[in-house]
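*Asks:* dropping the sequence and predicted coords here.
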Amino acid sequence: MNADDCIFCKIIAGQIPCVKIYEDDAILSFLDIGPISDGHTLVVPKQHYEQLHDCPAELLGRVCSRLGKIAEAVKKAVNSEGYNLLCNNGGAAGQLVEHVHFHIIPRNADDGVFNRWPSYKYEEGRIETIAETIRKNL
Ligand code: AMP
Ligand code: ZN
């Protein structure tokens, strides 16, 4: 998806309205219009990059440097017990808008928003093999 077809780029350009939380020269934060809990907030870089690993480190640093402050404000505003920080990358991971973004999702115990993901144990030796392959790709 290029920037011309991107809904978040249109929001950033002011062509589509949003309910703004925070803005500076590098990032925009606004409320998600399809929340999974009250206060569900998005934080996006103003430049168009599809996925986290496409985003230059410096810009990603700018985005991440604001996440804690915004998350704290969201948590206080809706008086939630906690929150999830989520960044979907790729359709298989649930990414619908192909412009890198972070979700801040307020959470309370037993809210049913999502359950813990299914986890399993590695077979003998597999954890080391996978780690070595990841290290080689760094
Ligand atoms: P993702 O599945 O991580 O790509 O999430 C995209 C999110 O963007 C969804 O939670 C949508 O509800 C949200 N979204 C889509 N369009 C808008 C919009 N115009 N304003 C605010 N949030 C939006
Ligand atoms: Zn975009």
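*Replies:* Perfect, thanks for sending it. Ligands and ions are numbered 1, 2, ... in the order given.
*Asks:* and residue 100, what element?
*Replies:* Residue 100 belongs to no helix or strand when elements are defined using DSSP states H and E.
*Asks:* also residue 118?
*Replies:* Element membership for residue 118 (DSSP H and E) is empty, with no helix or strand holding it.
*Asks:* repeat that for the one 3 residues further on.
*Replies:* Following DSSP H and E, there is no helix or strand that holds residue 121.
*Asks:* what number of residues lie near it?
*Replies:* 7 (other Cβ atoms under 10 Å). (C-beta placed from N, C-alpha, C; glycine too.)
*Asks:* can you tell me which residues contact it?
*Replies:* With contact set as Cβ atoms under 8 Å, 6 or more residues apart in numbering, residue 121 has no partners.
*Asks:* so it versus residue 127, what's the distance?
*Replies:* Using Cβ to Cβ, to the nearest Å, residue 121 is found at 9 Å from residue 127.
*Asks:* up against ligand 1, what does the protein have?
*Replies:* Contact residues, the chain versus ligand 1 (Cβ under 6 Å from any ligand atom): 7, 11, 16, 18, 30, 32-34, 42, 88, 94-97.
*Asks:* and the strands in the chain?
*Replies:* For the chain, the strands defined by DSSP state E cover 20-23, 27-31, 41-45, 82-86, 102-107.
*Asks:* so which of those gets nearest ligand 2?
*Replies:* With Cβ to the ion as the criterion, ligand 2 lies closest to strand 41-45 of the strands of the chain, at 7.8 Å.
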